[in-house]
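1. test case, fold it:
(one chain, ligands or ions: 1)
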Amino acid sequence: MATTNILIYLMRKDLRVADNPIFHYLSSTPDHGFTHLLPVYVFPYIQMDLSGLVNGEDLDQDDDISTRSRVGHFARCGPHRAKFIAETVWNLKSSLEALGSGLILRAGDHGKVVSSLVEGFKKQQLQVGAVWTTGLVGSEEVDQEGAVSAICGDQDVDFKIWPDEKYFVDDRDLNFGTPEELPTIFTTYLRSVEPLREKPRSVLPTPVKSSLPVFPEISTIAPQASPFAIPDEYEELEDALVRPVEGFLGNMPAVPEGASSAHPFKGGEDFARDRLDYVMRAEVAKNYKDTRNGLIGADFSTKLSAYLALGTLTARQIHEALLGYEDGSVEMYQDAAGFGEGENDGTKAVRNELLWRDYMRLYHKKFGNKLFQAHGLKADLPEYQEGGDKRITWKTRDESTAAPDQTPDCAAIGTIIERFNTGTTGMGLIDASQRELMHSGYTSNRARQNVANFLAKHLGIDWRYGAEWYEMLLIDYDVSSNWANWQYVAGVGNDPRSESRLFNPVKQAFDYDKEGSYVRTWVPEVSKLQKLENVFQACTASEEDIKDAGLEGNPMVTDPVKKIDFSVEGKPRTNKRSYVRRKGRGKQAGGDTDDKGEGQTGGGDAAAGQRDLNQGWRSQPSPTNSTKGSGSTDIRKLEGPLVVASHPNPAPPAAPGMNNDNTHRGQSNRGGRGGRGGFFRGNNNRGYAPAGQSNRGYRPSTSRPTEHHGMSSRATQTPTQPPVTSAS
Ligand SMILES: Cc1cc2nc3c(=O)[nH]c(=O)nc-3n(C[C@H](O)[C@H](O)[C@H](O)COP(=O)(O)OP(=O)(O)OC[C@H]3O[C@@H](n4cnc5c(N)ncnc54)[C@H](O)[C@@H]3O)c2cc1C
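-> Predicted coordinates:
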C-alpha cells in the first residue's frame, strides 16, 4: 500500500459540492497525486452543545463537549440552527455518496479528530498526504486551523488552507492588498468595486460521478473517539444535536395560532438550489427592492442567508442565477416578469446586499476581535476611553463589571434582558420579532435593526447580550454578519451616523407593519386592541381597552420596559404617514438612511424543503412547558418598577473601573479565548498551536496556485487584527 496517498478534506463553512474549489480541483486535475479523498465534517464542541452525542459512561473530566456564550451564558447554537446543520450535512453526505464519494461525521475538536484519523491510517500503513480546508475569518475558526496545522506538523502531513470562495467579489479581485486598506465606510467600498454586475468570477463546474479520488475503505477510517458516538440514522443525529438545547427557554410560550415561519426551509445544498431557483422564478429577486423591508411571509426577501452562512450556496451562484434571468438565458426563469430585460432595481439591490455580506467579512478581517468588544471600533478612541465624553457605560446584569451606580441594578437589568429576549417588553415590534426569532430561528432585517437598536440605544444595555442571543437562535447566524451588524446598530461600529441613528420602534412599526398584522400575529395578547398605537405599545391603551383585551395586570401594560412618546393623529392609513412627532421632543429616530421601500409581501412559498413551524424544530412536536397562546409566562412575575426612563438615548456617563470589554467569543479554555472554562472541561491545551504560531504542518502546496494577491483568507498566517460592522 506504499502508493496510498490520502487527502483529508476538512469541511467547515463550505458544505456544498457545486462551485467548490477543492472538489473542482480534484475532479479536473488528473495529476493531483491523491489516491483517496476523505471528506470530513466535525461538529465543533466549541460552537455546539454536543452532550447529546455523548455516551455518559465514557465521559471524562477533560472532555470538550460544549461551551456557553461569554456575556449572556447562552448556548452557542440553539435548536433551529442545530437542526439546519444536521439537515445540511446529511444532504451533503448523500450528494457525495451519489458522486461515488462520501462524508464522515465526527464530533469534538478539529485537531483531535484529524490526529485520530491520521494516526488510524498510519497504523494500517496508509499514508495521509495532506489535510485541506477552506480558510475562515473568525478567531475560533482560525484556532481550529492552528490546531490542525500543528497536528499535521507533528505527523509530517501537508496542510493547506484554500481561499473561501463563497463571497461575491473574490479576494483575488479586490483592489487593495491588505485588510487594513478596507474603507471604513461601506459606500466607499461599494464604489471601489462597481459595477457589481461585472465583478463576480464564474461558478466552478460541479464534479461528475466518479471524478473524485476514491473514498477510503470504511474499515480503515478511525472511528469516532470517546466520549462521542455518531448515530447512523438521520433522526437520531438530529435528536442528539437538538435535544440538549431545545429547553433553552424554560417557559417558552406556545407558537401563536396562525403564526407561520418566514423561514420554513430545510438545510442542504439541494434545498438552497431549489430556493434560489424559486427566488428567480417567483420574482422575489425582481421585486426585492420594494419588498425587502417586509416582515411577514417567506418572499419579501430571498431567505438565502442561512445557505450562504454554511456555504451550501455561494454568492456567485446567486449572481449566476441573476444573470440567467437578466440575460434571458435560463429557460426555467422565463415566466418571471423582466426576464431577458437586463438588470433591474430588484436584482441590483440583491447584489448590493450580497456585497454587504462581503463587507462584513472583510471588516471582521480588518478589525479582528474588536468585533466582540463592548466598545467595538471605538474602544481605542480617546473620547470613548474612561472619562471621555463619549464613553458609553453599558448596563449589564453582571455585578463584576457593572458600574457602581448603575440604574437599574444588575438584578433588574437581568429581568429586562430576559423580557427582551422572550418578547415581553411591551414594545410591540420588538416583542413580535423576538418571539418570531425564538419560534422560527428567523426574523427580518428590518426587525433585526429595530431589536438591536432598542437594546443598545433605548435601553443602554450591553448589546452583546443581544448579539449572543441572536447567535444562539438565528438559523442564518454568521459570525461576521451578526457581530458587525450588532456593532453597527449599537453605535460602536463603522456607521458614520452611529451616534444619531436612533430608531423609534413605534414609528417603525407604523411604517413597516401598517395594519399591525405582524405584531398581532406574534404577540397575540395585544391582538384584541383596536388602535394601532396601542398594539405597538400596549401601555398606551385606555383602561377600558386594556380590560376588554384581557390585559389587566400584564406587565407589558403595567410595567413596560420602555415607554416612547409618540402620538398619532387619527387612524393611520395604509399608504399615508399619519403620525406626528410631539412638539418640542426633537427628532425621534426616524428610519435609517437605507430605507428602500415599504412594501411587504407575504404568501406561501412553493419551494421544496419547507417545514411546518407548528411542528417546532424537531420532527415531532417538542415538549414545552408552554403557556398556551400567550407569552405571559412567569417572566411576568416581576418585582419592582422596570421602566427605564423615557429619554431617547440613555448614553450614560462613564463609569470608573468598568471594563466589560473582552476580546473573545464563547467561554472556552482553549487557545487564549478568555472567559471561564466550558462544561466538563479542564485545562487541556495539549500542544495545539495558537493561530499564527507554530505552523509546522503548513506547507504551501505546489499542487494548485493559491493566488493570494488581494486579501488572503489564510488566517493562520495573518494574526487577526481588531474587527468591523454594518447594517443595510
Ligand atoms: C442585528 C443584526 C444581526 C444580523 N445577523 C446576521 C447573521 O447572523 N447572519 C446573516 O447572514 N445576516 C445577518 N444580518 C443581516 C440581515 O438581517 C440578514 O442577512 C437577512 O435578514 C437575511 O435574510 P435574507 O436572506 O432574506 O436577506 P435578503 O434581504 O434577501 O438579502 C440577500 C442576502 O444579502 C445578505 N445581506 C443582506 N443584508 C445584510 C446585512 N445587513 N449584512 C450582511 N449581509 C446582508 C445576506 O447574505 C442575505 O441572504 C443581521 C442584521 C442585523 C441588523
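
2. show me which residues of the stretch 301-450 of the chain sit near the ligand.
-> 301-305, 308-309, 350, 353-354, 356-357, 360, 444-445, 448-449 (Cβ under 6 Å from any ligand atom). Placement of C-beta: from N, CA and C, glycine included.

3. could you identify the buried members of those residues?
-> Among these, those scoring as buried are 301-305, 308-309, 350, 353-354, 356-357, 360, 444-445, 448-449 (criterion: 16 or more other Cβ atoms under 10 Å).

4. which of these fall in helices?
-> Among these, DSSP state H puts Ser305, Leu308, Ala309, Val350, Glu353, Leu354, Trp356, Arg357, Met360, Asn445, Arg448, Gln449 in helices.

5. could you export those residues as CSV, including pLDDT?
-> Compiled in CSV, those are given as follows (pLDDT from 0 to 100):
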residue, pLDDT
Ser305, 98
Leu308, 98
Ala309, 98
Val350, 98
Glu353, 98
Leu354, 98
Trp356, 98
Arg357, 98
Met360, 97
Asn445, 98
Arg448, 98
Gln449, 97
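
6. distance to Gly111 added to the residues you listed, as a markdown table?
-> Below are those laid out as a markdown table (distance: Cβ to Cβ, whole Å):
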| residue | distance to Gly111 |
| --- | --- |
| Ser305 | 30 |
| Leu308 | 27 |
| Ala309 | 24 |
| Val350 | 39 |
| Glu353 | 36 |
| Leu354 | 33 |
| Trp356 | 33 |
| Arg357 | 29 |
| Met360 | 28 |
| Asn445 | 36 |
| Arg448 | 34 |
| Gln449 | 38 |
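
7. so which residue is dead centre in this protein?
-> Geometric centre of the chain, nearest residue: Tyr477, 1.3 Å, by Cα atoms, centre = their mean.

8. leaving out the residues flanking it, which one is nearest to that residue?
-> Nearest residue to Tyr477, sequence neighbours excluded (Cβ to Cβ, 6 or more residues apart in numbering): Glu471, at 5.4 Å.

9. other SSEs contacting the strand or helix carrying that neighbour?
-> Here Glu471, judged by DSSP states H and E, is contained in helix 463-473. Other helices and strands packing on helix 463-473, by 3 or more Cβ pairs under 8 Å, 6 or more residues apart in numbering; DSSP states H and E, are helix 410-422, helix 428-440, helix 445-453, helix 479-490.

10. what about dumping the CA coordinates of the third one to PDB?
-> Right, helix 445-453. The C-alpha coordinates for helix 445-453 follow below in PDB (Å, rounded to 0.1, in the frame of the first residue of the first chain):
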ATOM      1  CA  ASN A 445     -33.500  42.600   8.600                       C
ATOM      2  CA  ARG A 446     -35.900  45.400   9.400                       C
ATOM      3  CA  ALA A 447     -36.900  43.800  12.600                       C
ATOM      4  CA  ARG A 448     -33.300  42.900  13.500                       C
ATOM      5  CA  GLN A 449     -32.200  46.500  13.100                       C
ATOM      6  CA  ASN A 450     -35.000  47.700  15.500                       C
ATOM      7  CA  VAL A 451     -34.300  45.000  18.000                       C
ATOM      8  CA  ALA A 452     -30.600  45.800  18.200                       C
ATOM      9  CA  ASN A 453     -31.200  49.500  18.300                       C
END
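
11. where does the stretch 51-200 of the chain have low pLDDT?
-> 57-58, 61-62, 64 (pLDDT under 70).
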